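Asker: Just to be clear, the model below is a prediction. Sequence and coordinates:
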4 protein chains.
Amino acid sequence: MSHASPTGMFINETHTDAAIWQFRVSKMLLEGQTQFQTYQICEIPRFGKSLFLDYNIQTSLLDEYIFHECMSQPAMTLHPNPKKVAVAGGGEGATLREALKHNTVVESHMVDIDKELVDMVRDHMKEWHQGAFDDPRNTMHYTDARAWLAERKGYGFDVILSDLPNPHEEGPGQMLFTREYFQICADAMSDDGVLAMQAGTASENYPECMASCIKTLESMDCFAHVAGYYGLVNTFFQPWGFVLASKKHDPHALTVDEITRRFAERGVKNRYYTPRFHHACMTLPEYLVEAVQTRARILTDSAPFVWTA
Amino acid sequence: MSHASPTGMFINETHTDAAIWQFRVSKMLLEGQTQFQTYQICEIPRFGKSLFLDYNIQTSLLDEYIFHECMSQPAMTLHPNPKKVAVAGGGEGATLREALKHNTVVESHMVDIDKELVDMVRDHMKEWHQGAFDDPRNTMHYTDARAWLAERKGYGFDVILSDLPNPHEEGPGQMLFTREYFQICADAMSDDGVLAMQAGTASENYPECMASCIKTLESMDCFAHVAGYYGLVNTFFQPWGFVLASKKHDPHALTVDEITRRFAERGVKNRYYTPRFHHACMTLPEYLVEAVQTRARILTDSAPFVWTA
Amino acid sequence: MSHASPTGMFINETHTDAAIWQFRVSKMLLEGQTQFQTYQICEIPRFGKSLFLDYNIQTSLLDEYIFHECMSQPAMTLHPNPKKVAVAGGGEGATLREALKHNTVVESHMVDIDKELVDMVRDHMKEWHQGAFDDPRNTMHYTDARAWLAERKGYGFDVILSDLPNPHEEGPGQMLFTREYFQICADAMSDDGVLAMQAGTASENYPECMASCIKTLESMDCFAHVAGYYGLVNTFFQPWGFVLASKKHDPHALTVDEITRRFAERGVKNRYYTPRFHHACMTLPEYLVEAVQTRARILTDSAPFVWTA
Amino acid sequence: MSHASPTGMFINETHTDAAIWQFRVSKMLLEGQTQFQTYQICEIPRFGKSLFLDYNIQTSLLDEYIFHECMSQPAMTLHPNPKKVAVAGGGEGATLREALKHNTVVESHMVDIDKELVDMVRDHMKEWHQGAFDDPRNTMHYTDARAWLAERKGYGFDVILSDLPNPHEEGPGQMLFTREYFQICADAMSDDGVLAMQAGTASENYPECMASCIKTLESMDCFAHVAGYYGLVNTFFQPWGFVLASKKHDPHALTVDEITRRFAERGVKNRYYTPRFHHACMTLPEYLVEAVQTRARILTDSAPFVWTA
């Protein structure tokens, strides 16, 4: 309980029909609209500078490192020598930033459909990208990520990081959470490639999306190992879910020592995904394990997940 | 994002000055006031039956098991043979319920200052207590928990479970989160006793309370081992923090096999605190480790923690 | 501006897409559901005991007299000798109460489709009906008001008070705001009968409903005089609109002296609709006059008003 | 009831402890802070472009004409030949704009303490001032209105329009709603001068401020006539109160014909304060009459009104 005032400016986000969250905006920094979405960059008390897309909070300075390390580091670390990396989505540039921490990377490709948003981020969210867009190893592509990956069959990406919008009822996300999309990723990956995706909330309130992503990836022969994991993204007011799908390397076999060694070799320093934290974040709570068994289904282009929460 | 309507009944809780949470009330079941607090029992979509005290959500059927297993099970399991148990606070009766799962228990004492609330819970929240109040091993005490424990110096509790309200500016909680209170607990415990406490949020947004509890307990010679841990309490929209303080037994030394064995021997079945989850929930994120080092202080009766978030 | 806390219980009502109103509930008195609607009776600070139907505020003790005097008194007063009165809707019983103040009344009929609601009101909202339901002059009818009136063609009501729900998208209100319904009323009225109706908000934000009621009634030859008026219903956070349609008597010709005389003769005492206030409340602001000319249309069963605000 | 979404951006204003109003912001146009206050200019659905000061709505394009005509026109019209006019406060420039409609005006002085705000208004709220600041008859003064008026004893203003912030607990308004301030105004006025002031809400929920302004002005011998009146400011979700205090001319004696004549002579066209509306808006509802008698007190510098609603 707080004595904070009810008076003020807020952005309200609907979290299922159970709750509405009012984020207090102490200062509006920038507001705009691209062809694809509306955005606000604003200051929130304690959270600091934050980004909303279509009035859903995306990231705040308080803990963007948690989301973005989870998005990139487990997959990058799992691969013994990630040279070729693709980032699908990830407009803030921080998923790319995390991937490029690994000095093994020779080429990266970031594919985001919303050039207007990335241009805005370039100027106004430097704390996120920290120059990653302009890293000499990186090439930007402003187009549909699925279509772009479909054209790279056999390209041999070691790691694909799928940082794409949730499959809301309206919007393009649905076709980015299906078996067919995952197959396109697999086809563009090397024989020991690793895919990581953000998979929606890991909360018990609405685990169906993440659970269905796990179940779908587990149903695909090309992936020898599938592992759900989560990050404590305080800004989202819930643990956030991710899934690793790996053609060869087993994330559960990765030891603390090996992670430590790889970080040292590659010049990687993390704040959240530390060697000792690898196994903790890969240990799913029972409700998620149960949800994969009882509340999940295989997602396909003809029967995709539709986020109705 | 949801198409849920903005129209309806809500209970609003202030989560620091960063946000206000509006919980949707689909049905008000019971509302009242005791000498100490107001309460509402209501239905929330997805959360189910839920309890608010002074307009702060306490528990919901969705995941009360997560909070209450975290409150009881690690301490109960850590002790090799918990016979005498005290529960301080814990009005819903579910912390007691969890403790009594262990068939080693010979006597339990639940001490809650608010008899009116417990009487209400007895009738209207049976899903929580499940008859625990009336377990023949249990004795109820309606009085101040600190004073009651102070009178039990040398009583030899094997486990004390401190499920007490946060140290808000107004209210009695402040004197229940201090070194002096912890000493009273230690004095009432056996030589290998274990104390567990709820310690407030484990979110990066406001970790000072939990971190200060850890630091304070670590500063006390009577406790050989202190371990923070957290539960993914979705109902609280944040990970929730707990602290174990143990005179002799080391929680980090407890193996999956040993936990499995103890559960089997004692007839314990859990949904959240499972053997494989013990180490995961005891692995604190780096921000909490840092908070103990940089944002915590030793809490005393003369300088207690005051929850101002 | 207030230092009131954002924490607490609220009922939220959507006022067009311009605003959401959060009414603070200091105490929930009764909640339930009938075949037709949900209801809450609760205490609101300053407003006192209040009724919500489907989460829309209906009335509060602060100023229910304003709404209900407006609903009944102008029509009752305009008629020189109102003996037979019908109240369509008006579940709280206060519209009826106001009509029965006039000792000229010989018989009244209240027709409300929701018997469960009226039964609840009878027990729990005595401040509103004050026994009016059981006045020996009154008969209760629990059925559809339109159908009931259609069966009373030629019955000769001197006054019909149409206190019916707004024509929301879902719900039965639409057929109660049409030319055909008004004709049914006219047919059931005496040759010098007076109809009064609540007609929705009189605010400039959304005047189309009230304006269309005026325009529709003005288009009907049976009504010699049509007059919109409004009440300052603070509980609704906007002026509220009503329309008088009179077969013979001209409301604008009614003098302060004549109103005073009729009140005295009939034993009527009002707090809002006083003799000096008659002309003030019948003087519509220009925006409403304009709305009748530019934003109104004739409402029919086949093209009724649909409240989309 | 509306199907508008709960998701979006809002500015929340606290309306006493009875309610919080969430205004939907469809577009933030400008946000800033002066030495004295924060401001937002934004688009609200249906209301259009709107201004908030310290998160309290001030004005919207929907009905700013209602507030500003009420602020200026009754006083300007009541005076038979207003040549010298002072506007105290009124930063949007619309009160001044309304005064300058009267071609009798020879000199006007607008006195607002917040030059930064007026500079912002000049550029970004042209729909309000419409060039009034730069009218050759007008002089701007950026200083404390009370102090400025105190220095103009005997200056002979025909009309003073006091468009000043409510006497909130914090803030300078308290000394602008006292007998001493009104005396300063009177001393700066001509022998037949007229003072008009905005006096806070005219709602039954919180009429004490307006009622006390009326009572205080009525207690002063210098004012032969005092008349409260109100405007239906939909943007404020309540009728808004004003008070006229006139040394010689009686507002209740002003006829429709005389108002019509003065408008024609002076080239005045209004949308809200029309000749036929003069008496309607000067007819206070009974609850305000009662409030003057029972809930009002004489406001002085040593015991000013403090807005605690």
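Answerer: Great, that's in hand.

Asker: Need phi/psi at A:T95.
Answerer: phi -70, psi -40 (degrees, to the nearest 10).

Asker: ok, so what distance separates it from chain B?
Answerer: As defined by C-beta to the nearest C-beta, to the nearest Å, A:T95 lies at a distance of 19 Å from chain B. For glycine as for every other residue, the C-beta is placed from the backbone atoms N, C-alpha and C.

Asker: Isn't that residue up against A:S72?
Answerer: Yes. Counting by C-beta atoms under 8 Å, A:T95 sits close enough to A:S72 to count as a contact (5.4 Å).

Asker: Now look at the longest strand seen in chain A and say if it contacts chain B.
Answerer: Using DSSP state E to define each element, chain A has its longest strand at strand A:189-201. No. Against chain B, strand A:189-201 shows no contacts by C-beta under 8 Å from any C-beta of the partner chain, the least distance being 8.9 Å.

Asker: about what we covered before: intersection of neighbour lists for A:T95 and A:S72?
Answerer: For the pair A:T95 and A:S72, residues contacting each of them under the criterion C-beta atoms under 8 Å, 6 or more residues apart in numbering or on different chains are A:L161.

Asker: picking up where we left off before, pull out the buried residues from the longest strand of chain A.
Answerer: If you call a residue buried by 16 or more other C-beta atoms under 10 Å in any protein chain shown, then strand A:189-201 has these buried ones: A:M189, A:S190, A:D192, A:G193, A:V194, A:L195, A:A196, A:M197, A:Q198, A:A199, A:G200, A:T201.

Asker: check contacts around A:R137.
Answerer: If you count contacts by C-beta under 8 Å, 6+ apart, A:R137 has them with A:L100, A:V105, A:V106, A:E107, A:S108.

Asker: what does A:F182 give?
Answerer: A:F182 sits in contact with A:L195, A:T216, A:L217, A:M220, A:A245, where contact means C-beta under 8 Å, 6+ apart.

Asker: Buried only: go through the residues you listed for me.
Answerer: Among the contacts of A:F182, the ones that count as buried (16+ other C-beta under 10 Å) are A:L195, A:T216, A:L217, A:A245.

Asker: Pretty sure the third one sits against A:V243.
Answerer: This means A:L217. Yes. Here A:L217 reaches A:V243: they are 6.0 Å apart, a contact under C-beta under 8 Å.

Asker: what are the pairing partners of the longest strand of chain A, and which direction each?
Answerer: When pairs are called by DSSP bridges, strand A:189-201 turns out to pair with strand A:157-163 (parallel), strand A:240-246 (antiparallel).

Asker: Same list, those strands, but as JSON lines with mean pLDDT and distance to C:C42 please.
Answerer: Rendered in JSON lines, the data for those read as follows (pLDDT from 0 to 100; distance: least, C-beta to C-beta, whole Å):
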{"stretch": "strand A:157-163", "mean pLDDT": "98", "distance to C:C42": "46"}
{"stretch": "strand A:240-246", "mean pLDDT": "98", "distance to C:C42": "37"}
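
Asker: Please name whichever of the ones you listed is nearest to A:V226.
Answerer: For A:V226, the closest of the strands paired with strand A:189-201 is strand A:240-246, at 5.0 Å, according to C-beta to C-beta.

Asker: Contact residues of the stretch 101-250 of chain A facing chain B?
Answerer: For the stretch 101-250 of chain A, the residues in contact with chain B (C-beta under 8 Å from any C-beta) are A:H168, A:E169, A:A202, A:S203, A:E204, A:N205, A:Y206, A:L232, A:N234, A:F237, A:Q238, A:P239.

Asker: run the last query once more with 7 Å
Answerer: Counting by C-beta under 7 Å from any C-beta of the partner chain, the stretch 101-250 of chain A comes close to chain B at A:H168, A:S203, A:E204, A:N205, A:L232, A:N234, A:F237, A:Q238, A:P239.

Asker: other SSEs contacting the longest helix seen in chain A?
Answerer: When secondary structure is assigned using DSSP state H, the longest helix within chain A turns out to be helix A:64-78. Contact partners of helix A:64-78 among helices and strands, from 3 or more C-beta pairs under 7 Å, 6 or more residues apart in numbering or on different chains; DSSP states H and E: helix A:94-100, strand A:157-163, strand A:189-201, strand A:225-231, strand A:240-246.

Asker: out of those, nearest to C:H68?
Answerer: Shortest distance between C:H68 and these, using C-beta to C-beta, is found for strand A:189-201: 48.6 Å.

Asker: Could you quantify the relative orientation of that closest one and helix A:64-78 as an angle?
Answerer: Using axes from the mean of the first three to the mean of the last three C-alpha atoms, to 10 degrees, the inter-axis angle of strand A:189-201 relative to helix A:64-78 is 150 degrees.

Asker: Now A:D158: closest residue in space, sequence neighbours ignored.
Answerer: Nearest residue to A:D158 in three dimensions, chain neighbours excluded: A:P82, at 4.2 Å (C-beta to C-beta, 6 or more residues apart in numbering or on different chains).

Asker: What helix or strand is the one you found located in?
Answerer: Per DSSP states H and E, A:P82 falls between elements, in no helix or strand.

Asker: ditto for A:N205
Answerer: Here A:N205, judged by DSSP H and E, is contained in no helix and no strand.

Asker: That one - how many residues pack around it?
Answerer: For A:N205, the count of nearby residues is 22 (other C-beta atoms under 10 Å in any protein chain shown).

Asker: Next: the one 5 residues further on.
Answerer: Neighbours of A:M210 under the rule other C-beta under 10 Å: 29.

Asker: is the nearest residue to it once chain neighbours are set aside in a bridge, and if so with what?
Answerer: Of all residues not flanking A:M210 in the chain, A:G241 sits nearest, at 3.6 Å (C-beta to C-beta, 6+ apart). When assigned by DSSP bridges, A:G241 has beta-bridge partners A:Y230.

Asker: and A:G241, what does it touch?
Answerer: A:A199, A:G200, A:T201, A:A202, A:M210, A:G228, A:Y230 (C-beta atoms under 7 Å, 6 or more residues apart in numbering or on different chains).
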